[in-house]
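A.B. asks: for reference, the sequence and a predicted model appear below.
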Amino acid sequence: MKHKRTIDRTGRAAAVLPLVIPSVAYASGGDILSLMWIELGLFIAILIFTFASKLALKYRATVFFIYVVAVTIAMWSTSSLPYSENMVLINSTSILLPIAACVLAWRWCVKQTKT
């Protein structure tokens, strides 16, 4: 019974998380929703790519870790900017930086497996 309660709390916390993201980004809910959906799609694509890849598990974990680091850097570097005034910069940084980092990490991992 105790385990079910933990799952319920985790589910409620996960349901509240999208409501908190606009306040962290200094934007109204409608402004930031498009970026949030794009980032969610990117996260799902990275997960699918990581699990579908034929790389060894340690290299797949490396690519995913690089993705997490790149998203953290993108958030940290744009966190002090007002979203409505810097929408293009924030959107491009939040999307292109993780994609570029994952592609470079994947290429490095493929090169490591061939040597």
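C.D. replies: Structure's in. What do you need? Numbers count the residues shown, from 1 in each chain.
A.B. asks: not counting sequence-adjacent ones, nearest residue to Gln39?
C.D. replies: Not Gln; residue 39 is Glu. Distance criterion C-beta to C-beta, 6 or more residues apart in numbering; nearest residue to Glu39, sequence neighbours excluded, is Ser94 at 6.3 Å. C-beta here means a position set from N, CA and C on the backbone, and glycine is covered the same way.
A.B. asks: measure the one you found to Ile44 for me?
C.D. replies: In this structure, Ser94 lies at 15 Å from Ile44, with C-beta to C-beta, to the nearest Å as the measure.
A.B. asks: so those two - more neighbours on which side?
C.D. replies: The residue with more neighbours, out of Ser94 and Ile44 and counting by other C-beta atoms under 10 Å, is Ser94; that gives 21 against 10.
A.B. asks: may I see the buried residues of the strand or helix carrying that one?
C.D. replies: In this assignment (DSSP states H and E), Ser94 forms part of helix 87-114. By neighbour count, with 16 or more other C-beta atoms under 10 Å as the criterion, the buried positions of helix 87-114 are 87, 90-91, 93-95, 97-98, 101-102, 105-106, 109.
A.B. asks: redo these as a markdown table? Include distance to Tyr59 and pLDDT.
C.D. replies: As requested, the buried residues of helix 87-114 are arranged in a markdown table below (distance: C-beta to C-beta, whole Å; pLDDT from 0 to 100):
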| residue | distance to Tyr59 | pLDDT |
| --- | --- | --- |
| Met87 | 35 | 88 |
| Ile90 | 30 | 91 |
| Asn91 | 29 | 90 |
| Thr93 | 26 | 93 |
| Ser94 | 25 | 92 |
| Ile95 | 23 | 93 |
| Leu97 | 21 | 95 |
| Pro98 | 17 | 95 |
| Ala101 | 15 | 96 |
| Cys102 | 12 | 94 |
| Ala105 | 9 | 95 |
| Trp106 | 8 | 93 |
| Cys109 | 4 | 92 |
